[in-house]
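Chemist: Quick one, what's the 3D model for this:
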Amino acid sequence: MSSSKPPLLENATRDLARFASTIQFSDLPKEVIERIKLSVLDHIGCALYGATLPWTQKVAALAMAEGAKPVASLFGMGRKSSIALAALVNGTSGHAFELDDIHKESIVHIGSLAPPVAFGFAEAAGGSSGRDAITAMVAGYEIGARVGNAATMGLFFRGFHPQGTSGVFAASAAAARMLNLNAEQFQHALGMSGSQAGGLMAAQEGAMVKRFHSGRAAQSGVYSALLAQQGFTGITDVLEAAYGGYLTVYSDTPNAARLTDGLGKEWETLNVGYKPHASVTSIHTALDGLAEIMRENNLKTVDIEKLETGLSPMTHVHCAWEYKAQGVTAAQMNLYYGLAVTALDGMAFTEQYKESRLRDPAVFDFISRITATVDPEIEKMGPPFRHAARVRVTAKGGRVIEKFLHHRRGSPENPLKPEDIEYKFRHVVGGCLSKADIDKAVKVVAGLDKMENTSELLMLLAAPVNMN
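Modeler: As a prediction, this is how the structure comes out:
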């Protein structure tokens with residue numbers, strides 16, 4: 001069945017393909033290059049830590065059982081497989097512990113998609129220049145973010161996981177750019193991506209498969225580009241098609257204009273933020289608000305009688321469901337658990353999400369003091385403020401302290417400094433890399449744009465890490 005309706009935005013897929021296939025390193029603003037280097041450092045930390053986790057290791061075992069030609073490394077594991085299977089594992093490890101970067105409007109963690117794909121192709125080719133790798137990653141960030149922007153929160157509210165759906169376009173674009181596909185081939189690669197998009201949000205309430213969505217999107221992006229290189233064809237109007245197109249199928253409120261708004265002038269790469277907490281981004285503002293109230297008023301957990309949180313409709317749907325110790329994934333996605341460990345420990349990082357902590361009676365005791373509702377003021381502010389939170393603490397004696405935070409710490413509006421990203425990296429990999437290798441990784445990534453060959457960085461990624 002074809003449609004008599006006009007496309008959502010004439011030639012949108014073609015125009016994105018032309019842009020991404022022709023962009024050069026010299027076209028990139030300095031601040032975009034610096035942002036990509038921060039994202040690479042952040043991704044490496046996420047992926048190497050993620051390589052130690054049981055769900056990543058299960059995916060790695062599956063990949064190794066395929067017996068593919070060993071050309072690309074499984075990060076932190078000292079093993080190799082095909083580019084596509086390495087992308088499957090490394091995309092999973094990057095998203096394995098809710099630590100990866102996020103583009104707020106698109107709701108895509110592009111750091112777990114574009115970098116592992118670009119590095120896989122670079123390694124298989126015997127290395128690439130840092131400039132080429134950065135350019136490919138920027139292509140992935142720009143295309144993936146714009147597809148997610150156009151899908152709007154309507155995609156999420158329909159129950160799809162943006163990482164596995166819009167995210168596949170980020171991986172495909174990075175792969176296509178590493179292969180130097182021409183504009184027509186690039187368009188076909190994007191056209192195949194839409195048919196491979198998948199991922200359901202019900203996975204957030206306890207399933208390991210949420211991490212796999214990222215790996216599968218990375219793998220599918222590799223397949224799309226490799227097939228396009230061989231002349232295999234995709235849907236040339238995959239994004240804008242009125243019937244069966246990506247936006248019309250996945251979102252009931254698409255905004256196709258966001259696909260190309262300011263293309264080549266306004267860089268979506270700069271709208272990426274980073275995570276100081278090992279949990280879903282949507283709850284970070286509430287965690288920050290509680291931590292600030294407790295610190296500024298010298299409150300202990302026992303001093304808090306009641307905690308009320310006001311949220312956006314999306315955050316409420318996404319994160320304010322009953323916590324039942326369903327598993328690590330569920331804890332990381334849950335508002336109540338995150339607030340409880342923040343109150344008890346002063347943080348919500350890797351240690352707070354260990355299996356041994358999930359059923360802590362102290363956590364459940366504090367959760368009993370928490371309520372969460374949709375805040376009418378935040379709702380009126382609209383999608384740009386979907387992470388905003390109102391936090392109200394009632395302390396013993398009846399004293400009420402309230403904070404209203406518009407933006408989470410680590411967002412583009414309230415950014416972490418480069419030294420904060422480095423601090424996070426060092427903390428995340430502290431248990432799996434030696435200090436010498438940590439120092440080396442920081443130095444090598446800082447010089448990525450000057451690097452004639454990425455082999456030194458790839459060797460660091462390939463080496464097995466401490467799995468303790």
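Chemist: Skipping adjacent residues, who's closest to the residue most central in space within the chain in space?
Modeler: For the chain, the residue nearest the mean C-alpha position is residue 109 (1.6 Å; C-alpha atoms, centre = their mean). Counting by C-beta to C-beta, 6 or more residues apart in numbering, residue 109 lies nearest to residue 100, which is 4.3 Å off, once chain neighbours are set aside. All C-beta spots, glycine's among them, are computed from the backbone N, C-alpha and C.
Chemist: mind listing what the residue nearest to the centre of the chain touches?
Modeler: When the contact criterion is C-beta atoms under 8 Å, 6 or more residues apart in numbering, the partners of residue 109 are 94, 95, 100, 101, 102, 103, 163, 167, 214.
Chemist: So the third one sits against residue 111, correct?
Modeler: Spelled out, it's residue 100. Yes. The pair residue 100 and residue 111 qualifies as a contact (C-beta atoms under 8 Å) at a distance of 4.9 Å.
Chemist: ranges for the helices of the stretch 151-300 of the chain?
Modeler: Taking DSSP state H, counting those that start in this stretch as the criterion, the stretch 151-300 of the chain carries its helices at 167-178, 183-196, 209-229, 246-250, 284-296.
Chemist: next one: the stretch 1-150 of the chain
Modeler: Using DSSP H, counting those that start in this stretch, the helices assigned to the stretch 1-150 of the chain run over residues 12-22, 30-50, 54-65, 83-94, 114-124, 130-157.
Chemist: Could you give the average pLDDT over the last one?
Modeler: So that's helix 130-157. Per-residue confidence for helix 130-157 averages out to 98 on the pLDDT scale.
Chemist: Repeat that for the second one.
Modeler: When pLDDT is averaged along helix 30-50, the result is 98.
Chemist: do the same with the fourth one
Modeler: When the per-residue pLDDT values of helix 83-94 are averaged, the result is 98.
Chemist: just checking, what packs against it?
Modeler: helix 30-50, helix 54-65, strand 72-74, helix 114-124, helix 209-229 (3 or more C-beta pairs under 8 Å, 6 or more residues apart in numbering; DSSP states H and E).
Chemist: Now render these as a markdown table, adding distance to residue 172 and mean neighbour count.
Modeler: Converted to a markdown table, the helices and strands packed on helix 83-94 look like this (distance: least, C-beta to C-beta, whole Å; neighbours: other C-beta atoms under 10 Å):
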| stretch | distance to residue 172 | mean neighbour count |
| --- | --- | --- |
| helix 30-50 | 18 | 24 |
| helix 54-65 | 20 | 18 |
| strand 72-74 | 17 | 28 |
| helix 114-124 | 8 | 30 |
| helix 209-229 | 4 | 27 |
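Chemist: Can you report how many residues lie near the residue nearest to residue 109?
Modeler: 28 (other C-beta atoms under 10 Å).
Chemist: Tell me who's in contact with it.
Modeler: 42, 43, 46, 94, 109, 111, 112, 275.
Chemist: Equivalent analysis for residue 282, please.
Modeler: 314, 315, 318, 319, 386, 387.
Chemist: so where's this protein uncertain?
Modeler: Per-residue confidence for the chain (pLDDT under 70) gives these ranges: 1-3, 468.
Chemist: three-state assignment of the residue of it most remote from its centre?
Modeler: Computed with C-alpha atoms, centre = their mean, the maximum C-alpha offset from the centroid of the chain is found at residue 397, amounting to 42.3 Å. Under DSSP: H, G, I helix; E, B strand; the rest coil, residue 397 falls in the coil class.
Chemist: how far away is it from residue 371?
Modeler: As for residue 397, its distance to residue 371 is 20 Å (criterion: C-beta to C-beta, to the nearest Å).
Chemist: Test my guess that residue 395 contacts residue 303.
Modeler: Yes. Residue 395 is within contact range of residue 303, at 5.2 Å (criterion: C-beta under 8 Å).
Chemist: Domain map for the chain?
Modeler: As recorded under automatic domain parsing, the domains making up the chain are 12-273, 281-405.
Chemist: For the shortest one, measure first residue to last.
Modeler: Right, domain 281-405. Separation of the first and last residues of domain 281-405 by C-alpha to C-alpha, to the nearest Å is 14 Å.
Chemist: Ok, the first one next?
Modeler: From the first residue to the last, domain 12-273 extends over 26 Å; the measure is C-alpha to C-alpha.
Chemist: Over to stretch 247-258?
Modeler: Between the opening and closing residues of stretch 247-258 we find a distance of 11 Å, counting by C-alpha to C-alpha.
Chemist: buried sites along it?
Modeler: Within stretch 247-258, the residues that count as buried by 16 or more other C-beta atoms under 10 Å are 247, 248, 249, 250, 251, 254, 255, 256, 258.
Chemist: cool, stretch 257-275 as well?
Modeler: For stretch 257-275, the buried set under the neighbour-count rule, 16+ other C-beta under 10 Å, comprises 258, 259, 260, 263, 267, 268, 269, 271, 272, 273, 274, 275.
Chemist: Kindly provide the distance from the third one to residue 147.
Modeler: Going back to what we said before, that points to residue 260. Taking C-beta to C-beta as the measure, residue 260 and residue 147 are separated by 11 Å.
Chemist: Over to the fourth one?
Modeler: Look at residue 263 and residue 147: by C-beta to C-beta, they are 12 Å apart.
Chemist: Nearest spatial neighbour of residue 242, chain-adjacent residues omitted?
Modeler: Spatial nearest neighbour of residue 242, excluding adjacent residues (C-beta to C-beta, 6+ apart): residue 5 at 3.7 Å.
Chemist: doesn't residue 248 make contact with residue 155?
Modeler: No. Counting by C-beta under 8 Å, no contact exists between residue 155 and residue 248, whose distance comes to 11.3 Å.
Chemist: For the contacts of residue 100, give me CSV that also has distance to residue 81.
Modeler: Output for the contacts of residue 100, formatted as CSV (distance: C-beta to C-beta, whole Å):
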residue, distance to residue 81
42, 24
43, 19
46, 20
94, 16
109, 22
111, 21
112, 18
275, 28
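Chemist: so which of the residues you listed would you say is closest to residue 451?
Modeler: Closest approach between these and residue 451, by C-beta to C-beta: residue 43, at 16.3 Å.
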